[in-house]
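Visitor: my questions concern the predicted model and sequence given below.
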Amino acid sequence: MNIHFIAIGGSAMHNLAIALHQKGDQVSGSDDTIHDPSKSRLEKYGLLPKEFGWFPEKISADLEVIILGMHAKKDNPELLRAQELGLKIYSYPEFLFEQSKDKTRVVIGGSHGKTTITSMILHVLNYHEKEVDYMVGAQLDGFETMVHLTNENDFIVLEGDEYLSSPIDMRPKFHLYKPNIALLSGIAWDHINVFPTFDNYIEQFKIFTDSMVHGGSMVYNIEDAHVKDVVESSENHIKKYPYKTPEHFIENGITYLETAEGDLPLEIFGKHNLENLAGAKWICQHMGVDEDDFYEAIAGFSGASMRLEKIIENPSTVIFKDFAHSPSKVAATTKAVKEQYTERTVLACLELHTYSSLNAEFLAEYKGALDFADKAVVFYSPHAVKIKQLEEVTAAQIANAFQRDDLIIYTNPQEFKDFLFSQNLEKSAVVLMSSGNYGGLDFEEVKRLV
């Protein structure tokens with residue numbers, strides 16, 4: 001096919017562009033700015049636009065498909081031209097559904113854990129040399145791209161994001177996939193700029209559950225009360241498979257899973273990760289991988305990029321970076337690190353970076369989120385608040401929200417960096433939680449702290 005991407009530089013969009021190029025399609029694209037790693041990866045495959053900007057003259061009647069990214073606006077000149085010509089315009093998830101209509105669609109949903117669970121499944125299938133199509137939200141070891149599409153594979157594994165599909169399609173992405181097999185990991189209010197109330201947010205997961213094909217299989221976390229209610233109250237004719245945290249113990253800083261074949265040491269840790277593992281096991285069993293084969297493969301899983309990712313370690317210090325930013329994720333990550341390293345000082349650093357986390361009304365949701373840390377730091381950029389056109393957030397509001405008297409707050413990137421680099425990290429576990437980079441923190445430089 002002859003395919004053009006409007007806003008090709010996005011994390012998901014550029015991976016899809018590369019996947020289609022590898023599949024043999026003719027791919028072009030535009031964007032007003034593209035940063036690394038997207039820029040370098042597009043350049044490697046000859047897909048980087050020759051110049052940045054929007055060029056309606058690129059849009060012609062011989063284009064069979066337009067794929068529209070969220071970065072574009074409704075009045076994008078290329079989009080307007082495509083609409084004028086009556087071309088077929090897909091959002092990212094719409095196009096993935098079109099590519100997988102004749103496959104068994106496995107969709108992993110939930111407010112947290114979906115990238116890790118999808119990564120676990122792909123790790124296990126890859127270990128056992130089982131070929132599947134996929135779309136995952138992180139770069140994985142052993143995988144060239146975050147998207148892989150073929151004509152011949154029977155299964156496609158999709159990370160099911162609840163965020164919006166495109167500027168002209170305001171449906172959550174995971175409503176469009178119509179899964180044969182699905183998983184729900186947990187529900188914790190997020191994306192408040194789109195879902196203004198918790199009830200409205202929960203409704204999206206009900207619609208997702210009801211969108212499954214009749215006779216499909218839903219794997220769900222029975223320990224999450226909201227997930228349990230959504231799935232068990234659904235009148236859709238689906239099979240329901242609950243899972244919960246598996247039996248385990250921690251010894252000398254290593255988490256062991258208790259299995260019928262004996263105690264299995266894992267490279268991952270934390271209650272959320274163990275829940276994720278239990279869900280991934282059910283999905284893999286539905287895809288033809290038995291329990292013993294799952295355990296053999298999962299023992300070597302070290303985690304998805306930016307999900308409790310260990311960036312450096314020596315005998316007395318370990319530093320992690322983690323994508324956690326919503327209150328439930330921050331609490332779970334901090335607790336997991338403290339439980340794994342009970343004898344160490346846990347330094348938890350959180351950047352408030354997303355629209356939700358910088359919203360003055362939403363801040364109260366963070367109460368207690370850093371309580372498991374021995375030292376807790378919050379960094380936020382007043383400039384980011386302005387860019388997002390939000391009401392100004394003060395240090396006093398943040399201190400009040402977290403309800404922690406010894407909370408350290410920084411708004412200046414250099415001051416935060418100076419603090420971090422001045423710490424004595426002997427017998428410490430450090431976790432840097434953010435979907436940003438603390439105003440320009442170089443994580444390679446952070447490794448020199450150890």
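Guide: Arrived safely.
Visitor: who's residue 318 bridged to?
Guide: residue 313, residue 429 (DSSP bridges).
Visitor: isn't it up against residue 340?
Guide: No: assessed by Cβ atoms under 8 Å, residue 318 is found out of contact with residue 340, at 9.1 Å. In this view, the C-beta of every residue, glycine as well, is placed from N, C-alpha and C.
Visitor: count the residues that sit near residue 264.
Guide: Other residues near residue 264 number 16, with proximity taken as other Cβ atoms under 10 Å.
Visitor: tell me the confidence at it?
Guide: Here, the pLDDT recorded for residue 264 equals 94.
Visitor: repeat that for residue 305.
Guide: Value for residue 305, per-residue pLDDT: 69.
Visitor: ok, now residue 169?
Guide: For residue 169, pLDDT reads 91.
Visitor: dump the residue contacts of it.
Guide: 91, 94 (Cβ atoms under 8 Å, 6 or more residues apart in numbering).
Visitor: look up phi and psi at it.
Guide: phi -140, psi 100 (degrees, to the nearest 10).
Visitor: for beta bridges, what are the partners of it?
Guide: Taking DSSP bridges, one finds residue 166 as the beta-bridge partners of residue 169.
Visitor: still on that earlier bit, common neighbours of residue 318 and residue 340, please.
Guide: Shared contacts of residue 318 and residue 340 (Cβ under 8 Å, 6+ apart): residue 429.
Visitor: check which element follows the worst-scoring helix or strand of the chain on mean pLDDT along the chain.
Guide: Within the chain, no helix or strand scores below helix 382-387, which has a mean of 68 by mean pLDDT, DSSP states H and E. Using DSSP states H and E, the helix or strand that directly follows helix 382-387 along the chain is helix 395-402.
Visitor: mind saving the C-alpha coords of that next one as PDB?
Guide: Taking C-alpha atoms only, helix 395-402 is exported to PDB below (Å, rounded to 0.1, in the frame of the first residue of the first chain):
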ATOM      1  CA  ALA A 395       5.300  24.300  46.600                       C
ATOM      2  CA  ALA A 396       2.900  24.700  49.500                       C
ATOM      3  CA  GLN A 397       0.100  22.900  47.500                       C
ATOM      4  CA  ILE A 398       2.400  20.100  46.700                       C
ATOM      5  CA  ALA A 399       3.600  19.700  50.300                       C
ATOM      6  CA  ASN A 400       0.000  19.700  51.500                       C
ATOM      7  CA  ALA A 401      -1.000  17.100  48.800                       C
ATOM      8  CA  PHE A 402       1.600  14.500  49.700                       C
END
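Visitor: gap between it and the chain center?
Guide: 27 Å (Cα atoms, centre = their mean, to the nearest Å).
Visitor: which residues in the stretch 251-400 of the chain form helices?
Guide: 271-286, 291-298, 327-340, 382-387, 395-402 (DSSP state H, counting those that start in this stretch).
Visitor: relative to residue 236, how far out is residue 204?
Guide: From residue 204 over to residue 236 the distance is 15 Å, taken as Cβ to Cβ, to the nearest Å.
Visitor: neighbour count: those two, which is higher?
Guide: residue 204 (21 against 16).
Visitor: any idea which helix or strand carries that one?
Guide: helix 198-210.
Visitor: check contacts around residue 236.
Guide: 209, 210, 212, 214.
Visitor: could you give the bridge partners of residue 221?
Guide: Beta-bridge partners, per DSSP bridges, of residue 221: residue 243.
Visitor: ok, it - how many residues close by?
Guide: Residue 221 is flanked by 26 other residues according to other Cβ under 10 Å.
Visitor: same thing with residue 258?
Guide: Neighbours around residue 258, by other Cβ under 10 Å: 11.
Visitor: residues in contact with it?
Guide: Applying Cβ under 8 Å, 6+ apart to residue 258 gives the contacts 246, 247, 248, 249, 264.
Visitor: now the last one. Nearest residue, chain neighbours left out?
Guide: Read that as residue 264. residue 257 (4.4 Å; Cβ to Cβ, 6 or more residues apart in numbering).
Visitor: wait, isn't that neighbour in contact with residue 281?
Guide: No: checked against Cβ under 8 Å, the pair residue 257 and residue 281 is beyond contact range at 10.1 Å.
Visitor: before we move on, back to that, tell me the buried residues within the contacts of residue 258.
Guide: Neighbour counting by 16 or more other Cβ atoms under 10 Å classes 248, 264 among the contacts of residue 258 as buried.
Visitor: take the contacts of residue 258 and write them to JSON lines, including distance to residue 40.
Guide: Output for these, formatted as JSON lines (distance: Cβ to Cβ, whole Å):
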{"residue": "246", "distance to residue 40": "40"}
{"residue": "247", "distance to residue 40": "44"}
{"residue": "248", "distance to residue 40": "40"}
{"residue": "249", "distance to residue 40": "43"}
{"residue": "264", "distance to residue 40": "38"}
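Visitor: just the closest of the contacts of residue 258 to residue 409, please.
Guide: Nearest to residue 409, judged by Cβ to Cβ, of the contacts of residue 258 is residue 248 at 35.5 Å.
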